[in-house]
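Chemist: dropping the sequence and predicted coords here.
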Amino acid sequence: SFMSSTGTFTYSAPEQELLCIFGTGDFGRSLGQRLLQTGYRVVYGSRRPHSCGPLPQGAQVMSHEAAAQSAGVIFLCVHRENYDFLETLVTQLKGKVLVDVSNNLKKNVYPEANAEYLQRLIPGAHVVKAFNTLSAWSLQNGPSDASRQVYLCGNSAEAKQQVVETATKLGFNVLDRGTLSAARELEDFPLQLFPEWRLPLRLAFGLTAFFFFYLLIRDVVYTYVEQDKDISFRIMVSLANKVFPIVSLIMLSLCYLPGVVAAFLQLYRGTKYKRFPDWLDRWMLCRKQLGLLALGFASLHVLYTLIIPIRYYVRFRINQTSVFDTTMAWRVDSYYAMGILGFGLYLLLGISSLPSVSNALSWREFSFIQSKLGYLTLFFCTFHTYLYGWDKFLRPSYYKWYTPPGYMLCLVVPSVVMALKLVILLPCVDRSLTRIRRGWERTDPEGDSKKSLLT
Amino acid sequence: SFMSSTGTFTYSAPEQELLCIFGTGDFGRSLGQRLLQTGYRVVYGSRRPHSCGPLPQGAQVMSHEAAAQSAGVIFLCVHRENYDFLETLVTQLKGKVLVDVSNNLKKNVYPEANAEYLQRLIPGAHVVKAFNTLSAWSLQNGPSDASRQVYLCGNSAEAKQQVVETATKLGFNVLDRGTLSAARELEDFPLQLFPEWRLPLRLAFGLTAFFFFYLLIRDVVYTYVEQDKDISFRIMVSLANKVFPIVSLIMLSLCYLPGVVAAFLQLYRGTKYKRFPDWLDRWMLCRKQLGLLALGFASLHVLYTLIIPIRYYVRFRINQTSVFDTTMAWRVDSYYAMGILGFGLYLLLGISSLPSVSNALSWREFSFIQSKLGYLTLFFCTFHTYLYGWDKFLRPSYYKWYTPPGYMLCLVVPSVVMALKLVILLPCVDRSLTRIRRGWERTDPEGDSKKSLLT
Amino acid sequence: SFMSSTGTFTYSAPEQELLCIFGTGDFGRSLGQRLLQTGYRVVYGSRRPHSCGPLPQGAQVMSHEAAAQSAGVIFLCVHRENYDFLETLVTQLKGKVLVDVSNNLKKNVYPEANAEYLQRLIPGAHVVKAFNTLSAWSLQNGPSDASRQVYLCGNSAEAKQQVVETATKLGFNVLDRGTLSAARELEDFPLQLFPEWRLPLRLAFGLTAFFFFYLLIRDVVYTYVEQDKDISFRIMVSLANKVFPIVSLIMLSLCYLPGVVAAFLQLYRGTKYKRFPDWLDRWMLCRKQLGLLALGFASLHVLYTLIIPIRYYVRFRINQTSVFDTTMAWRVDSYYAMGILGFGLYLLLGISSLPSVSNALSWREFSFIQSKLGYLTLFFCTFHTYLYGWDKFLRPSYYKWYTPPGYMLCLVVPSVVMALKLVILLPCVDRSLTRIRRGWERTDPEGDSKKSLLT
């Protein structure tokens, strides 16, 4: 407004680029509104330009033909089922950038990705897959939290560059995922729900269920059958507080078991260039999730424990009748101290798993925390459990109905992991392993190298 | 240095670009120092080139005219009040990139943004607003933590690109905010102090104050008046530990109330294309802050609770005189278990609100956590409170001076929210709502569509 | 594949750029595999092209000469010790981009950085240092967590741009660190292990050890010598729970001491343009680490405290024999309330130190939290400790063997910091300091300005 008042204003106003949107549905409207807010001019292509319902203020509406011809970039906000009408526009779309924002309602409905199908339909256009991970809501309200990233892919670098510029002006971070062959992955992305958490979550549920029923029988049912006493109220807190630490410790040790197994496999094979079995690969890729679930169970264990006033020393002072036993005081206090220190390290591991924290660490620092401090955490938590058991391992009366208590069962995996790790730390084993990990290969006359990782 | 010794060095040394800084104040000096460290050459423009105080080593000083002519980019590190002298430099600044780094001490002092005023003053220059969110201190010490982002805006894309390159070389992340009309927003940014937290904080303070005095009267004053007993010491812990969970539960349910209200509004209107009332929009935009404050109060409640050894079962074992009541044990243990599980989910919601975590989630995952798990949290916390009340709702003796206990008051909002949510989950209501949210509109002969969101 | 079936496909397939890798070791193989996956063509240069072991499927192998000539960008995945062979390739490498990915096993082994040595060796090539912060493992598995960043530096902007494009296509975030003179810094980066944490960690260990032995003597040894009673079991919990809060409070106040010292130094010198002494600079740069360690110790203190059922009020109700003392109840409850509120603020400070959270804050918001709320935290924690002491400061019986209790010792630093801060907040002092911080300098006839910060 001040330009006209001074009259001396000479620089050219920023050229308002014209963009075209096919589709006046929810996503198309929201996208248009946002583009207009950012300073673009927007033209909608519609079958019925005069009766297509409410559109953002400032946008034009034309026929598909006219709209396609007027702009260099066309956003296709139409369901895949309705792509057919584009076949009549082959000439108008030639050389244009065609942005496919579509998603499907389910995975694997079609043999090829929507964007690949579109490219096949209109071979003369430069199809770019983009914006499909956004919702209409996030477009209306601008980038925030879970919707700051825009992924794109496409075969033409120039076409992608144009879309990148628009997305950046809209305030998004753009991540280029390569050629159009990545379109399927992008189209599956909005449908995914914690895919890498599924295996660890199932394991956690399985372990929790097993130990819950195991302890239910050993504690509540046993007492009811043998002593005719109803202690079912213990389910809510006492039983939960037995199940949670057990599951937590097992899952923490399952975090470290695949690394140890991999080391032994490399020692056995004498090379690191052979691919690990698939189950080991998958296991290693979900270690972070295993660890974070273990941390969650440990946190619940801590909260459940803290509501019970517990220290032997304090309980002793309350019930002045019993005789003070220094060994007992040492044992119980060590038990709690180990638990607290283990939990503190646990939290540290969890904090260093936050994306922004792990990004700020060098690779050496990250592996120092996750490996060295991780094993220390495992040691503290295992030792904490052994101190809990103390001398009960040898007393037959604790093996009710010939079953060992839950904490003894859960000590199996961590003890095995720590024993194997100790073997790996032996100088002679460590030397071989370091050599193998630096690329050395045991010469193998039988020519197993054909199954190697990289060829 | 090794170039001369070998003599065979042929590639061109990186051209050291010359940048100009107007203003030898604190910000100008720090900026110059940092530019010099990064490998730029720097020339200062000064009224008194020979007596302008200490400048970074390696920088030149000239008159404003000479400095402006020598460089293509000029950083203007001068207060807006002193922009007048630039009018004498109109010819030297023609076509130059003029970077405005200024801020004001208060909002709304001037009718237009500093950068817009500057552009009007020197219409021939390409004004870019940038770096104003940084402090001199953060320039001296390099990008870190709270000062890694540089925002910029301007009308010339080429001018902005030059500033982007410089800022990137200095190690900053640059966010382009569009044309110069965004300058005001950028200039207000350093003055803001948690704008989106204000409403939730005021609400939290209001609720805390109300329930504090309400409970002070019901608990402390009532006991003093009716029983002539001074229990004022309970203010520090017992009263606080009643107020915190009450405020937490109310604020958590206020997080979920606007979503439910919005759903009913859409059902009533039969379309999603009508704009929500302003109060509802503002309420929905501060849900995250409401939730995080609720989490803070819940955490305080947990800490306050944990310092009191509490379990009925444990207290029973201490005071062996009373008779053991299994129903009581069930009730109290369920009460604690619900509280702990609710708090665990609360923490999960808080962790998923961390920017780096929510960025790593797909939109479906984020909404799964914030909506599905959010309602589960609300359910656990409400149930926890109902278990606390148990059978006291019907006993007149608990209504001292005809006032209900605090926890009964705080159950009103969450109960309403959960009841409304249950209505929305009814198949028939859910079907209508889903249709509306997919863009369907109830045909409305009275033509209400003129008030629609998008036109 | 569908291209041939339709026959009408006309757009050019994305040109598959050819990249060259020298070195068939672990890193070279992993890099090649990843480049091939992203759509590049890869050729390896090898001394023995026909017997260089397993290589990624799809890669070619040639002699060094042929490989260098075929591509514009050559990744040098060879140890510095083996750079000599490149001297025979000077003509083939002329004008090529030579990417140095090497690291050394230790710092300061060579007088110059590997990349600088390489540039001197092959002056005709454009050496770019890049990818050295990645591990072969992270290349094989794609960018994740701690390995998303790629740092690079080099003298040729064009050469760097080519490497930036490749790294971006591989999915990494690229940070340009300037000219090749930054290569040393980049090469030292993978070797560093929490450099900025070292001083605070040493301090924490020193303080912990000192107070542990101090309290061991005062508590356990004293009781054993004077009363012939063995209370050594108290080491695990009671002693730890005295040492942790003491160290935490001292470290928290050491966070705020350098800021206060700096203010007084500025007041004394009458200018802010003089460089602070080195020790003060270093101290100020590790305040964040000091604070986070203090938070860690405080968290341990909280956990250690919570396992002891503690409230005086509760303990009174248990041991009904003693007489109820309202003052005592006030004191103890205030003590706990101060501790909890202090710890809550402590956590808030810690959360706002997370990179992603502090990035989302404006500078004013960040400094509000770290300074205003930080001092409030210090006040709460100090007051918490004074309430713990209460009237014991004046009772000689608490000075066993003429030594003050640990918590009295630890109150010295925070009390000094708070007293100095109060002096700074006095209107007259505050006014001077504000003037100095805005750039004002006390005129100093003796010309001390020669030692100023910036010249």
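Modeler: Thanks, I have the structure now. Residues are numbered from 1 along each chain as shown, chains lettered A, B, ... in the order given.
Chemist: okay, now residue A:58: neighbour count?
Modeler: When neighbours are counted by other C-beta atoms under 10 Å in any protein chain shown, residue A:58 registers 14. In this view, the C-beta of every residue, glycine as well, is placed from N, C-alpha and C.
Chemist: quick one: the helices in the stretch 251-400 of chain A?
Modeler: A:278-285, A:287-306, A:312-318, A:326-352, A:355-359, A:363-367, A:374-389 (DSSP state H, counting those that start in this stretch).
Chemist: comparing the ones you listed, which comes out most buried?
Modeler: Of all these, helix A:287-306 has the most neighbours on average by mean count of other C-beta atoms under 10 Å in any protein chain shown, namely a mean of 22.
Chemist: that helix vs chain B: in contact?
Modeler: Yes. On the criterion C-beta under 8 Å from any C-beta of the partner chain, helix A:287-306 is in touch with chain B at A:296, A:299, A:300, A:303, A:304, A:306.
Chemist: elements contacting that helix?
Modeler: For helix A:287-306, the contact count by 3 or more C-beta pairs under 8 Å, 6 or more residues apart in numbering or on different chains; DSSP states H and E identifies helix A:198-215, helix A:240-269, helix A:326-352, helix B:326-352 as packing neighbours.
Chemist: closest one to chain C among those?
Modeler: helix A:326-352 (3.7 Å; C-beta to the nearest C-beta).
Chemist: which strands or helices does the closest one pack on?
Modeler: Using 3+ C-beta pairs under 8 Å, 6+ apart, helix A:326-352 sits against helix A:287-306, helix A:312-318, helix A:374-389, helix C:287-306.
Chemist: can you list the domains in chain A?
Modeler: By the assignment in automatic domain parsing, chain A contains the domains A:17-191, A:195-444.
Chemist: export these to TSV and append columns for mean pLDDT.
Modeler: Shown next, in TSV, are the domains of chain A (pLDDT from 0 to 100):
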stretch	mean pLDDT
domain A:17-191	85
domain A:195-444	82
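Chemist: now render the ones you listed as JSON lines, adding distance to residue B:367.
Modeler: As requested, those are arranged in JSON lines below (distance: least, C-beta to C-beta, whole Å):
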{"stretch": "domain A:17-191", "distance to residue B:367": "8"}
{"stretch": "domain A:195-444", "distance to residue B:367": "16"}
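Chemist: so which of these is the most packed in?
Modeler: Among those, domain A:17-191 has the highest mean neighbour count (mean count of other C-beta under 10 Å), at a mean of 19.
Chemist: check whether that domain comes near chain C.
Modeler: Yes. Applying C-beta under 8 Å from any C-beta, one finds domain A:17-191 in contact with chain C at A:112, A:116, A:120, A:123-124, A:126, A:155-157, A:175-176, A:178-179.
Chemist: can you tell me which of these is nearest residue B:419?
Modeler: residue A:175 (42.8 Å; C-beta to C-beta).
Chemist: how about the contacts made by the closest residue to that closest one other than its chain neighbours?
Modeler: Ranked by C-beta to C-beta, 6 or more residues apart in numbering or on different chains and with sequence neighbours excluded, the top spatial neighbour of residue A:175 is residue A:151, at 5.1 Å. Residues in contact with residue A:151, defined by C-beta atoms under 8 Å, 6 or more residues apart in numbering or on different chains, are A:130, A:132, A:133, A:174, A:175, A:177, A:186, A:189.
Chemist: hmm, 6 Å instead?
Modeler: Residue A:151 makes contact with A:133, A:175, A:177, A:186, according to C-beta atoms under 6 Å, 6 or more residues apart in numbering or on different chains.
Chemist: which helix or strand contains it?
Modeler: strand A:149-154 (DSSP states H and E).
Chemist: how about that strand as PDB, C-alpha atoms only?
Modeler: Extracted in PDB, the C-alpha atoms of strand A:149-154 (Å, rounded to 0.1, in the frame of the first residue of the first chain):
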ATOM      1  CA  GLN A 149       8.200 -33.500   6.700                       C
ATOM      2  CA  VAL A 150       7.200 -33.800   3.000                       C
ATOM      3  CA  TYR A 151       8.600 -36.800   1.200                       C
ATOM      4  CA  LEU A 152       8.900 -36.800  -2.600                       C
ATOM      5  CA  CYS A 153      10.200 -38.900  -5.400                       C
ATOM      6  CA  GLY A 154      10.100 -38.700  -9.200                       C
END
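Chemist: next helix or strand past that strand?
Modeler: Criterion used, DSSP H and E; the element after strand A:149-154 is helix A:157-169.
Chemist: need the CA coordinates for the next helix or strand along the chain from that next one. CSV is fine.
Modeler: Next in sequence after helix A:157-169, counting helices and strands by DSSP H and E, comes strand A:173-176. Extracted C-alpha coordinates of strand A:173-176, given in CSV (Å, rounded to 0.1, in the frame of the first residue of the first chain):
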residue,chain,number,x,y,z
ASN,A,173,11.1,-29.9,5.2
VAL,A,174,11.5,-31.9,2.0
LEU,A,175,13.1,-35.2,1.9
ASP,A,176,13.9,-36.5,-1.6
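Chemist: appreciated, that's everything.
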